[in-house]
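In: Here's a sequence, model it:
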Amino acid sequence: MIKVITYGTYDMLHYGHIRLLERAKALGDYLIVGVTSDDYDKTRGKINLQQSLMERVEAVKATGLADEIIIEEYEGQKIDDIRRLGVDIFTVGSDWEGYFDYLNEYCKVVYLPRTQGVSSSELRAEKRRLIIGTIGDGNISKKFVHEMQYVNGVDYQECTENLDNVDAVYIASHPSQHYNDVKRALKAGKHVICESPIALTFKQCSELFDLAKEKNLVLTDAIKTAYSTAYSRLLVVAKSGRIGNIISVDSVCTSLEDGASMPGADLSKKQNSICAWGPTAMLPIFQLLGDSFKSLSITSMMLDEQLNYDGFTKLDFIYDKAVASAKIAKAAKSEGELIITGTKGYIYVPAPWWKTDYFEVRFENSAENKRYFYQLDGEGIRYEIVAFARAVESGRSSLYIENSTSCAIADTIERFYNGNCTVIKREGV
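Out: Next comes the predicted model:
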């Protein structure tokens with residue numbers, strides 16, 4: 001029996017895919033089809049697939065051409081599969097001609113001619129593109145625009161005053177302007193992705209989500225960490241019971257890079273610590289423990305009390321069966337790690353945890369420890385653009401950050417601004 005193997009993404013399975021599979025099938029007696037996983041596709045630059053892995057597997061299965069379907073998950077797997085499965089022929093489209101010649105050492109390599117004039121990329125390109133404009137011109141906005149070039153189906157356009165030339169708006173203005181900017185965009189009928197916090201009070205945040213729902217528009221938080229593969233996976237591991245019951249979440253986010261702590265710095269144009277780092281630091285707390293905390297203690301070191309500019313803030317949450325803390329700062333530095341404590345073990349994410357592509361699950365018996373590695377490109381920004389574009393296309397808000405989480409973040413920040421915090425003096429003040 002001659003075994004043949006081929007690989008592909010098979011996104012939006014079309015006639016070209018089927019013809020290639022038919023030719024591959026004709027080369028032998030038994031056809032193995034490798035479907036690339038979502039995570040592996042990200043490492044190859046394919047980050048805006050229209051279908052999930054299971055949808056793509058089912059589409060290949062429905063052709064009736066594959067005798068066996070496997071999942072391709074890592075670089076170098078082709079050699080492992082060829083050896084393990086006893087493959088005689090490896091085949092792929094002729095657009096890869098020469099690229100897989102190294103596999104001739106393990107089996108025969110055949111390049112098949114592709115069907116001209118049809119490809120998944122072309123089909124995706126034919127769909128109406130989402131035009132996104134930006135409000136706010138700081139570095140974070142420039143990063144967002146830069147990352148858009150890596151996402152299929154979206155284009156950037158500078159906003160006009162009335163926003164009539166865009167379909168959606170990315171908002172990265174000063175947090176004090178978010179509420180007005182988001183409201184203006186929603187009233188103009190535009191989908192919105194806004195840097196967190198969406199608003200500075202719980203009431204305003206809830207109002208904006210209600211307005212988006214009324215107008216059938218997508219409004220979502222742009223906390224890029226929420227969209228990274230590693231972070232999503234650690235939430236699943238933590239909630240699965242692998243480390244037992246979660247009893248503590250400790251999150252640290254600090255940075256000195258914007259010079260806020262320098263003498264004479266104009267703090268009126270900068271984000272304070274609670275707005276700049278608070279949403280990211282609070283994200284795992286609310287997503288793992290929920291937003292129904294019993295009490296909250298806020299302690300801040302103020303650089304300017306009139307501007308409510310905190311150089312350092314510590315948040316301490318108490319829940320019925322757990323506790324949590326967040327340390328955030330723009331005028332102090334600490335190890336930016338995330339630790340999730342459980343009754344059986346704990347999850348450790350090294351600094352900077354909000355950009356992680358790796359985390360560890362650790363136990364009393366270190367032989368049971370496990371490390372997880374995932375690709376992270378563009379700090380996660382391109383992934384949040386993909387999720388936003390999909391939400392707009394499907395008409396459903398992103399599930400990466402629930403509305404209740406965004407409102408809990410706004411509620412915590414509102415408590416800070418209302419003076420519900422203990423102020424500690426800086427040295428020399």
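
In: any idea how far the residue nearest to the spatial centre of the chain is from Ala408?
Out: By C-alpha atoms, centre = their mean, the mean C-alpha position of the chain lies nearest to Tyr227, the distance being 1.2 Å. Using C-beta to C-beta, to the nearest Å, one gets 19 Å for the distance from Tyr227 to Ala408. For glycine as for every other residue, the C-beta is placed from the backbone atoms N, C-alpha and C.

In: Over to Gln177?
Out: 21 Å.

In: just Met12 next, same as before
Out: 38 Å.

In: Now the residue nearest to the centre of the chain: phi and psi?
Out: With angles defined as degrees, to the nearest 10, Tyr227 sits at phi -100, psi 0.

In: How about Phe286?
Out: Dihedral angles for Phe286 - degrees, to the nearest 10 - are phi -70, psi -30.

In: can I assume it is in contact with Ile409?
Out: Yes. Assessed by C-beta atoms under 8 Å, Phe286 is found in contact with Ile409 at 7.2 Å.

In: neighbour count winner among the two?
Out: Ile409 (29 against 24; other C-beta atoms under 10 Å).

In: Count the neighbours of Ile171 for me.
Out: Around Ile171 there are 21 residues (other C-beta under 10 Å).

In: What residues does the closest residue to it other than its chain neighbours make contact with?
Out: Excluding the flanking residues, the one nearest Ile171 by C-beta to C-beta, 6 or more residues apart in numbering is Cys194, at 4.2 Å. Cys194 makes contacts with Tyr170, Ile171, Ala172, His178, Asp181, Val182, Leu219, Thr220, Asp221, Ala222, as judged by C-beta atoms under 8 Å, 6 or more residues apart in numbering.

In: Please repeat the previous calculation with a cut-off of 7 Å.
Out: Cys194 is in contact with Ile171, His178, Val182, Asp221, Ala222, counting by C-beta atoms under 7 Å, 6 or more residues apart in numbering.

In: Now it. Its backbone dihedrals?
Out: Dihedral angles (degrees, to the nearest 10) for Cys194: phi -120, psi 140.

In: So what pairs up with it in the strands?
Out: In this entry, Cys194 is beta-bridged to Ile171, Asp221, by DSSP bridges.

In: circling back: any idea which of the contacts of Cys194 is the one closest to Val4?
Out: Nearest to Val4 among these: Ala222, at 45.4 Å, using C-beta to C-beta.

In: What is the neighbour count of the closest one?
Out: 24.

In: what about it, distance to Tyr170?
Out: Ala222 is 7 Å from Tyr170, by C-beta to C-beta.

In: Let me see the domain layout of the chain.
Out: What the record gives for the chain is the domain set 3-120, 123-223, 225-424, from automatic domain parsing.

In: Lowest mean pLDDT across those, which one is that?
Out: Mean pLDDT is lowest for domain 3-120 out of those, coming in at a mean of 85.

In: so how far is that domain from its chain's centroid?
Out: Centroid displacement of domain 3-120 relative to its chain, using C-alpha atoms, centre = their mean, to the nearest Å, is 27 Å.

In: got it, and stretch 218-238?
Out: Taking mean C-alpha positions (C-alpha atoms, centre = their mean), stretch 218-238 and its chain are 5 Å apart.

In: Buried residues in that stretch, which are they?
Out: 218-231, 234-235, 237-238 (16 or more other C-beta atoms under 10 Å).

In: same question, stretch 237-247
Out: Val237, Ala238, Ile243, Ile246, Ile247.

In: okay if I get the residues you listed as TSV plus secondary structure?
Out: Below are the buried residues of stretch 237-247 laid out as TSV (DSSP: H, G, I helix; E, B strand; the rest coil):
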residue	secondary structure
Val237	helix
Ala238	helix
Ile243	coil
Ile246	strand
Ile247	strand
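
In: quick check, nearest of those residues to Gly345?
Out: Ile243 (4.2 Å).

In: Disregarding residues adjacent in the polypeptide, which is nearest to the closest one?
Out: Gly342 (3.1 Å).
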